[in-house]
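Asks: could you look at this predicted model? Sequence included:
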Amino acid sequence: MARDTPGPPVSPSPDDHPDAAGQDAASPAATGQPPAAVEASRGATTQAPQATAVEAPPEVVAPPAVAAAEGPPPTRAPGKPRKLLYATLPGSWGALIFGCLSFTPSLLPRGGIVQGVVFGITAAIGYGLGVWAASIWRAFADRAPRQPRRWAWLTFFIAGAALYAVGFALGQYWQHEIRKLMGVTDYNIPLVVASPFIAAVIFCLLLLIGRGLRGLYRWAAKLLSRWIGPRAARGVGWVLVVGLTYLVVSGLLLQGFVNLMNSAYGTRDTTTAEGVQKPATSLRSGGPTSLVPWDTLGYQGRNFIGKGPSVSDIEKLTGQPAMEPIRIYAGLASAKGAAAQAALAVKDLQRAGGFQRKYLDVVTTTGSGWVDPALVDSFEYLSGGDCATVAIQYSYLPSWISYLVDKAKAQEAGRALFDAVYGAWAKMPQDRRPKLVVAGESLGSFGGETAFTGANDMANTTDGILFAGPPNFNTLWTEFTGNRQAGSPEIQPIYQNGQIVRFANDAAKGIPPEGQPWNGTRVLYLQHPSDPIVWWSPHLIFGQPDWISEPPGSDVLKTMFWMPFITFWQVTADLPFATGVPDGHGHRYSAEYVDGWNAVLRPPGITTQDLASLRKIISEVR
């Protein structure tokens, strides 16, 4: 049976053995003898019994919550500091098993750096769980920790090398299969070779952080025990360390990071991308007679206003006369607050004649004010340019940071803009109103949903909605998928027989339920089976989602399965690289907008050949 006191894999720490006090000669580190020699010498030497047996605490990576239950620190030789980088055998087994399981596939291909990070995190979790399991076993056995036997570490190293080799080989095979599914050709061999070293650094760093927090807890408990009882001291010490950790992480680290990013991206917001120029037409914000000054639009606002298909581009595709599309935008510097920005945008929309067009699209932006050009360009091509699009900015930060800190701003902006547009639109005679549609991608879909209470509200107040890549925390998306019809998969659910709301993995291949009427307002969600933005959730830590237990989508490996803790970190590691894959996979939506808008708008005169040509055009839009 494997023992659970510190052993030699990282840096042996004889001082952490419960019998180490005053017995340096019994320790391999102290005597210079190998463990076998020391064990043999113990058989010939009679030790004086200890007055007090001090239990060696189990080592954990998780901070103060578990550290409080570890008991007092082991005794050691006076003046000799404890070592931080040592490992216990149960913890090492847990780290090995969890680390090897991290090679299993997730949603996207993983490079060497990402695999190293995932391995290091999951190994640290496994280490903590291994130590915790050993402490529970000792509690049932009612005994103190003991040194591993001579063969225990040797067995671990041999088995560990074999398990790692098998896991690494299978991991490379699975990654190759995922790259083949998505058409990814990049494969950096040096980074793959470096992944074990990256994993070791991450693992040791987390181990040190956990032990540092445990040490802080013990110091606080010892200090408090001068004035209060030991049990109360441990409890109060635990609360203090947890509170301090939370304040440091959320108050100093996270808020400091957000402030730094706000400053950096706020400065970038004053710049203009190369090739983007102030419009010469009054049909766009920032142009002649516009109520919104060009220099207040922000970086992404100027990109949105300064680009897009021309009249000749649209006519070339459709073969019919076209109009110049209207684009309206209000940046953070254009007015104070979302309500004021929305009001200004509506006034500029009225000035430009946006309410006299056939289609009016209300778009909620993502983090920094970005509007997906493929989303809007597809809309303008399919409408023949007889359309207007309006959007406002609510943050300087990119989406991946806005997920953490600006979700409320996205909701406020989405609701404020739609309410302002709808208020002016509803006052118009019914036969003179444009068709009012709503669109948003990623965090934009989250903000766009906020304007509605449910499917019926969507149908009663709009003529169509197109959302792409909805985050897993979207309120209405969660309601629709959670109440889907029995037998329909989570990756492409059927809600209320598809009367209003439908979902598509690839709209060009069909939107279920096929053959069922889809009259009136159409609400369509585009979502890839391999999009981690759609499927990431904290619930992955302890619960298996339906999308993993059900048959996988076309670009997800069948060998992917759910594991507590591990799957969560794997999908979390997929998030930063969600757009680093070819179109049609991950969080890359481009040509799908063509078929999505075609389904929602049902524009007359658009042929199959027109759609094929437009897909090719949109797939090149960046």
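Replies: Received the coordinates, thanks.

Asks: which one is residue 96 nearest to, not counting chain neighbours?
Replies: Nearest-residue entry for residue 96: residue 160, 5.0 Å, with adjacent residues in sequence omitted and distances by CB to CB, 6 or more residues apart in numbering. (C-beta placed from N, C-alpha, C; glycine too.)

Asks: isn't the one you found right up against residue 94?
Replies: No: Residue 160 sits out of contact with residue 94 when judged by CB atoms under 8 Å, with a separation of 11.8 Å.

Asks: who's more crowded, those two?
Replies: Taking other CB atoms under 10 Å, residue 160 and residue 94 do not tie; residue 94 has more neighbours (24 against 19).

Asks: hmm, that one is touching residue 124, no?
Replies: No: using CB under 8 Å as the test, residue 94 is too far from residue 124 to be in contact (9.6 Å).

Asks: shaky segments in this structure?
Replies: Within the chain, the stretches with pLDDT under 70 are 1-85, 622.

Asks: look up phi and psi at residue 437.
Replies: Dihedral pair for residue 437: phi -130, psi 160, per degrees, to the nearest 10.

Asks: what does stretch 614-622 rub up against?
Replies: For stretch 614-622, contacts defined as CB atoms under 8 Å, 6 or more residues apart in numbering pick out 317, 373-374, 377-378, 381-382, 508, 583, 590-591, 593-595.

Asks: same list, those residues, but as TSV with distance to residue 454 and secondary structure please.
Replies: Converted to TSV, those look like this (distance: CB to CB, whole Å; DSSP: H, G, I helix; E, B strand; the rest coil):
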residue	distance to residue 454	secondary structure
317	36	helix
373	30	helix
374	28	helix
377	30	helix
378	27	helix
381	31	helix
382	27	helix
508	28	helix
583	32	coil
590	30	coil
591	30	coil
593	25	helix
594	28	helix
595	26	helix
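
Asks: residue 435 against residue 357, yeah?
Replies: No: using CB under 8 Å, residue 435 is not in contact with residue 357, being 9.1 Å away.

Asks: more neighbours, the two?
Replies: residue 357 (22 against 16).

Asks: for that one, which non-adjacent residue is spatially closest?
Replies: residue 388 (4.8 Å).

Asks: just say helix, strand or coil for the one you found.
Replies: Secondary structure, DSSP: H, G, I helix; E, B strand; the rest coil: residue 388 is strand.

Asks: wait, isn't it in contact with residue 358?
Replies: No: under the criterion of CB under 8 Å, residue 388 is not in contact with residue 358, lying 9.4 Å apart.

Asks: the more surrounded of these two?
Replies: The neighbour count for residue 388 versus residue 358, taken as other CB under 10 Å, is higher for residue 388 (25 against 15).

Asks: picking that back up, checking my notes, the residue nearest to residue 96 in a helix, right?
Replies: Yes: under three-state DSSP, residue 160 sits within a helix.

Asks: who's in contact with the helix or strand residue 567 falls within?
Replies: Residue 567 is located in helix 566-574, with elements delineated by DSSP states H and E. Residues outside helix 566-574 that contact it (CB under 8 Å, 6+ apart): 98, 101-102, 104, 106-108, 110, 114, 117-118, 121-122, 125, 532, 535-536, 538, 540-541, 548, 561, 586.

Asks: out of those residues, which end up buried?
Replies: 98, 101-102, 104, 106-108, 110, 114, 117-118, 121-122, 125, 532, 535-536, 540, 548, 586 (16 or more other CB atoms under 10 Å).

Asks: and the strands in the stretch 351-500 of the chain?
Replies: Secondary structure of the stretch 351-500 of the chain, counting by DSSP state E, counting those that start in this stretch: strands at 359-364, 387-392, 435-441, 464-468.

Asks: which one of those lies closest to residue 290?
Replies: Closest approach to residue 290 among those (CB to CB): strand 387-392, 12.7 Å.

Asks: right, and residue 379 touches residue 361 too?
Replies: Yes: with contact defined as CB under 8 Å, residue 379 counts as touching residue 361 (5.7 Å).

Asks: the two: who's more crowded?
Replies: For the pair residue 379 and residue 361, the greater number of neighbours falls to residue 361 (30 against 25), based on other CB under 10 Å.

Asks: hang on, the more buried one packs against residue 440?
Replies: No: taking contacts as CB under 8 Å, residue 361 lies outside contact range of residue 440: 10.2 Å.

Asks: helix, strand or coil for residue 169?
Replies: helix.

Asks: and for residue 586?
Replies: The local conformation at residue 586, judged by three-state DSSP, is coil.

Asks: now do the one 3 residues further on
Replies: Local secondary structure at residue 589 is given as coil here, using three-state DSSP.

Asks: measure the closest residue to it other than its chain neighbours to residue 516 for me?
Replies: Closest residue in space to residue 589, ignoring its immediate chain neighbours: residue 468 at 4.4 Å, by CB to CB, 6+ apart. Relative to residue 516, residue 468 is positioned 22 Å away (CB to CB, to the nearest Å).

Asks: can you give me the buried ones in the host helix or strand of residue 132?
Replies: Under the criterion of DSSP H and E, residue 132 resides in helix 112-141. In terms of neighbour count (16+ other CB under 10 Å), helix 112-141 has its buried residues at 112, 114-135, 138.

Asks: likewise stretch 505-520?
Replies: Across stretch 505-520, burial judged by 16+ other CB under 10 Å covers 505-508, 511-513, 518.
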